[in-house]
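1. Curious how this folds, go ahead:
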Amino acid sequence: MRRQLLTAAAVIVLAATATACNGDGTDPAADASASADKSPAAQGNGGQGGGQDKGQGQDKGQGQDKGQGGDAHAVGGKLTLKGKKAGEQLDVTLKGFADPAHSDNKFNKPSAGKRFVAAQFELVNTGTVAYSDSPSSGAKVIDEQGQSFTQTMGGVTEGPKFPVTVNLAQGAKALGWVVFSVPEGSKTAKVQFTMDGGFANETGEWTLKK
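-> Residues are numbered from 1 along each chain as shown. This is a model prediction of the structure:
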(Lines give C-alpha, C1' and ligand atoms only; values in the text may rest on other atoms or scores of the structure.)
Protein backbone atom coordinates (compact mmCIF):
# COMPACT_ATOMS: atom_id res chain seq x y z
CA MET A 1 0.00 0.00 0.00
CA ARG A 2 2.78 2.38 0.87
CA ARG A 3 4.59 1.65 -2.40
CA GLN A 4 1.45 2.49 -4.38
CA LEU A 5 1.09 5.88 -2.62
CA LEU A 6 4.69 6.82 -3.36
CA THR A 7 4.32 5.87 -7.00
CA ALA A 8 1.17 7.98 -7.33
CA ALA A 9 2.87 10.96 -5.74
CA ALA A 10 5.78 10.68 -8.11
CA VAL A 11 3.47 10.59 -11.09
CA ILE A 12 1.64 13.75 -9.89
CA VAL A 13 4.94 15.63 -9.38
CA LEU A 14 6.24 14.69 -12.83
CA ALA A 15 2.99 15.73 -14.48
CA ALA A 16 3.05 19.13 -12.75
CA THR A 17 6.64 19.71 -13.84
CA ALA A 18 5.88 18.84 -17.45
CA THR A 19 2.91 21.25 -17.51
CA ALA A 20 4.95 24.15 -16.12
CA CYS A 21 7.83 23.73 -18.60
CA ASN A 22 5.76 22.93 -21.72
CA GLY A 23 8.37 20.41 -22.71
CA ASP A 24 11.11 22.94 -23.78
CA GLY A 25 11.57 25.31 -20.83
CA THR A 26 9.95 28.35 -22.48
CA ASP A 27 6.83 30.31 -21.55
CA PRO A 28 4.28 30.34 -24.43
CA ALA A 29 3.09 33.87 -23.63
CA ALA A 30 6.64 35.22 -23.46
CA ASP A 31 7.51 33.54 -26.77
CA ALA A 32 4.52 35.09 -28.49
CA SER A 33 5.50 38.51 -27.13
CA ALA A 34 9.07 38.11 -28.33
CA SER A 35 7.88 37.15 -31.81
CA ALA A 36 5.70 40.23 -31.98
CA ASP A 37 8.66 42.49 -31.06
CA LYS A 38 10.76 41.06 -33.88
CA SER A 39 8.12 41.74 -36.56
CA PRO A 40 9.15 44.53 -39.05
CA ALA A 41 7.53 47.89 -38.43
CA ALA A 42 4.88 49.02 -40.93
CA GLN A 43 6.60 50.78 -43.86
CA GLY A 44 3.61 52.59 -45.39
CA ASN A 45 4.81 54.73 -48.27
CA GLY A 46 7.85 55.74 -46.26
CA GLY A 47 7.34 59.35 -47.38
CA GLN A 48 7.84 58.25 -50.94
CA GLY A 49 7.98 61.34 -53.06
CA GLY A 50 7.78 63.45 -49.91
CA GLY A 51 9.08 66.98 -50.21
CA GLN A 52 8.75 67.00 -53.98
CA ASP A 53 6.31 69.46 -55.49
CA LYS A 54 5.83 68.68 -59.13
CA GLY A 55 4.20 72.02 -59.77
CA GLN A 56 2.69 72.90 -63.11
CA GLY A 57 5.77 73.72 -65.13
CA GLN A 58 6.07 76.96 -67.07
CA ASP A 59 2.89 78.36 -68.49
CA LYS A 60 3.98 78.83 -72.02
CA GLY A 61 1.99 81.53 -73.62
CA GLN A 62 0.70 82.86 -70.33
CA GLY A 63 -0.82 86.30 -70.94
CA GLN A 64 -0.94 85.63 -74.66
CA ASP A 65 -3.93 85.56 -77.00
CA LYS A 66 -3.56 83.81 -80.31
CA GLY A 67 -3.53 85.72 -83.55
CA GLN A 68 -3.41 84.50 -87.14
CA GLY A 69 -2.83 80.76 -87.44
CA GLY A 70 -3.16 80.35 -83.67
CA ASP A 71 0.09 82.22 -83.04
CA ALA A 72 0.31 84.93 -80.38
CA HIS A 73 3.25 86.41 -82.29
CA ALA A 74 1.19 87.06 -85.42
CA VAL A 75 -1.21 89.83 -86.40
CA GLY A 76 -4.08 89.71 -83.90
CA GLY A 77 -1.91 88.24 -81.16
CA LYS A 78 -1.75 89.72 -77.67
CA LEU A 79 1.42 89.84 -75.59
CA THR A 80 1.82 90.96 -71.98
CA LEU A 81 4.76 93.30 -71.41
CA LYS A 82 6.24 94.96 -68.33
CA GLY A 83 7.64 98.47 -68.08
CA LYS A 84 10.68 99.78 -66.25
CA LYS A 85 8.77 100.87 -63.15
CA ALA A 86 7.23 98.52 -60.60
CA GLY A 87 3.59 97.79 -61.40
CA GLU A 88 3.77 98.86 -65.06
CA GLN A 89 2.22 96.27 -67.37
CA LEU A 90 0.38 96.37 -70.69
CA ASP A 91 -1.48 93.83 -72.77
CA VAL A 92 -0.35 94.76 -76.27
CA THR A 93 -2.20 93.48 -79.33
CA LEU A 94 -1.08 94.00 -82.91
CA LYS A 95 -4.55 94.57 -84.34
CA GLY A 96 -3.56 95.17 -87.94
CA PHE A 97 -0.77 95.89 -90.39
CA ALA A 98 -1.14 97.88 -93.62
CA ASP A 99 1.44 97.46 -96.38
CA PRO A 100 1.29 99.79 -98.11
CA ALA A 101 -0.42 102.39 -95.96
CA HIS A 102 -1.97 105.45 -97.57
CA SER A 103 -1.30 109.02 -96.54
CA ASP A 104 -4.28 111.04 -95.40
CA ASN A 105 -2.65 114.25 -96.62
CA LYS A 106 -1.74 114.96 -100.22
CA PHE A 107 1.13 117.11 -99.03
CA ASN A 108 2.63 114.32 -96.95
CA LYS A 109 3.79 111.65 -99.36
CA PRO A 110 6.60 109.11 -98.95
CA SER A 111 9.98 110.24 -100.22
CA ALA A 112 11.16 108.98 -103.60
CA GLY A 113 11.92 105.27 -103.41
CA LYS A 114 9.97 104.87 -100.16
CA ARG A 115 6.50 103.73 -99.14
CA PHE A 116 4.41 103.99 -96.01
CA VAL A 117 3.47 100.99 -93.89
CA ALA A 118 1.50 101.17 -90.64
CA ALA A 119 0.84 99.02 -87.58
CA GLN A 120 -2.23 99.29 -85.37
CA PHE A 121 -1.76 98.54 -81.68
CA GLU A 122 -4.22 98.15 -78.83
CA LEU A 123 -2.77 98.90 -75.40
CA VAL A 124 -4.56 97.85 -72.21
CA ASN A 125 -3.19 98.83 -68.82
CA THR A 126 -3.20 95.58 -66.82
CA GLY A 127 -0.70 96.86 -64.29
CA THR A 128 -1.20 98.17 -60.78
CA VAL A 129 -0.26 101.79 -61.52
CA ALA A 130 -1.27 104.45 -64.03
CA TYR A 131 0.80 104.45 -67.20
CA SER A 132 2.00 107.35 -69.34
CA ASP A 133 3.97 106.82 -72.52
CA SER A 134 4.68 107.84 -76.11
CA PRO A 135 3.68 104.55 -77.76
CA SER A 136 4.80 105.45 -81.26
CA SER A 137 8.37 105.88 -80.02
CA GLY A 138 8.43 102.27 -78.82
CA ALA A 139 7.34 100.70 -82.12
CA LYS A 140 9.56 99.35 -84.91
CA VAL A 141 9.22 97.53 -88.21
CA ILE A 142 11.97 95.11 -89.27
CA ASP A 143 12.48 93.89 -92.82
CA GLU A 144 13.81 90.55 -94.05
CA GLN A 145 17.35 91.96 -94.20
CA GLY A 146 17.24 92.89 -90.51
CA GLN A 147 16.91 96.64 -91.07
CA SER A 148 14.69 98.36 -88.51
CA PHE A 149 12.55 101.43 -89.06
CA THR A 150 11.02 103.75 -86.48
CA GLN A 151 7.94 105.96 -86.73
CA THR A 152 7.59 108.70 -89.28
CA MET A 153 5.49 111.83 -89.28
CA GLY A 154 2.06 112.00 -90.87
CA GLY A 155 -1.22 110.14 -90.72
CA VAL A 156 -2.81 107.43 -92.83
CA THR A 157 -6.30 106.74 -94.10
CA GLU A 158 -6.31 103.37 -92.34
CA GLY A 159 -7.12 105.09 -89.05
CA PRO A 160 -6.04 107.62 -86.42
CA LYS A 161 -2.53 107.63 -85.03
CA PHE A 162 -1.67 107.56 -81.35
CA PRO A 163 -1.36 111.01 -79.79
CA VAL A 164 2.13 112.07 -78.76
CA THR A 165 1.41 111.05 -75.16
CA VAL A 166 -1.01 108.39 -73.98
CA ASN A 167 -2.15 108.32 -70.34
CA LEU A 168 -3.81 105.11 -69.17
CA ALA A 169 -5.42 104.55 -65.79
CA GLN A 170 -5.66 100.99 -64.51
CA GLY A 171 -7.87 99.00 -66.87
CA ALA A 172 -7.97 101.75 -69.52
CA LYS A 173 -7.03 101.10 -73.15
CA ALA A 174 -5.87 102.99 -76.21
CA LEU A 175 -6.00 102.14 -79.91
CA GLY A 176 -3.91 103.76 -82.61
CA TRP A 177 -1.76 103.41 -85.70
CA VAL A 178 1.99 103.97 -85.98
CA VAL A 179 3.31 104.93 -89.44
CA PHE A 180 6.70 103.94 -90.86
CA SER A 181 8.58 104.86 -94.01
CA VAL A 182 10.45 101.93 -95.59
CA PRO A 183 12.32 101.43 -98.88
CA GLU A 184 10.08 100.56 -101.82
CA GLY A 185 11.76 97.20 -102.33
CA SER A 186 11.98 96.29 -98.64
CA LYS A 187 9.99 93.24 -97.49
CA THR A 188 8.56 93.82 -94.02
CA ALA A 189 8.99 90.81 -91.74
CA LYS A 190 8.37 91.76 -88.10
CA VAL A 191 6.80 94.38 -85.87
CA GLN A 192 8.13 95.18 -82.41
CA PHE A 193 6.81 97.14 -79.44
CA THR A 194 8.64 98.17 -76.27
CA MET A 195 7.14 100.16 -73.41
CA ASP A 196 8.56 103.38 -71.98
CA GLY A 197 9.28 104.88 -75.38
CA GLY A 198 11.37 101.87 -76.34
CA PHE A 199 13.54 101.76 -73.22
CA ALA A 200 11.87 98.98 -71.19
CA ASN A 201 13.55 95.59 -70.91
CA GLU A 202 10.78 93.53 -72.52
CA THR A 203 9.98 93.72 -76.22
CA GLY A 204 6.97 92.18 -77.92
CA GLU A 205 7.51 90.87 -81.44
CA TRP A 206 5.03 89.79 -84.12
CA THR A 207 5.91 88.04 -87.38
CA LEU A 208 4.19 89.23 -90.53
CA LYS A 209 2.85 86.84 -93.14
CA LYS A 210 5.03 86.55 -96.21
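2. domain assignment for this protein?
-> 2-36, 68-207 (automatic domain parsing).
3. Please identify the deepest-packed of these.
-> domain 68-207 (a mean of 17; mean count of other Cβ atoms under 10 Å). C-beta: built from backbone N, CA, C; applies to glycine.
4. average model confidence for that one?
-> For domain 68-207, the mean per-residue pLDDT is 96.
5. thinking Lys84 is in contact with Ala200, fair?
-> Yes. Assessed by Cβ atoms under 8 Å, Lys84 is found in contact with Ala200 at 5.1 Å.
6. Please tell me how far the closest residue to Ala130 other than its chain neighbours sits from Gln147.
-> Excluding its sequence neighbours, the residue lying closest to Ala130 (Cβ to Cβ, 6 or more residues apart in numbering) is Ala169, at 5.3 Å. To Gln147, Ala169 is 37 Å away according to Cβ to Cβ, to the nearest Å.
7. Kindly report the same for Thr126.
-> Thr126 is 32 Å from Gln147, where distance means Cβ to Cβ.
8. Could you do Ala139 as well?
-> 15 Å.
9. ditto for Asp71
-> Taking Cβ to Cβ, one finds Asp71 at 23 Å from Gln147.
10. Please apply the same query to Gln170.
-> Distance from Gln170 to Gln147, by Cβ to Cβ: 37 Å.
11. got it, and Val191?
-> For Val191, the distance to Gln147 equals 14 Å [Cβ to Cβ].
12. same deal with Gly83?
-> Applying Cβ to Cβ to Gly83 and Gln147 gives a distance of 27 Å.
13. would you say Gly197 is within a helix?
-> Yes. The assignment for Gly197 is a helix, going by DSSP: H, G, I helix; E, B strand; the rest coil.
14. Apart from its chain neighbours, what residue comes closest to it?
-> Using Cβ to Cβ, 6+ apart, the nearest residue to Gly197 is Ser137, at 4.2 Å.
15. Next up, phi/psi of the one you found, please.
-> Dihedral pair for Ser137: phi -70, psi -20, per degrees, to the nearest 10.
16. so how far is Trp206 from it?
-> Distance from Ser137 to Trp206, counting by Cβ to Cβ: 18 Å.
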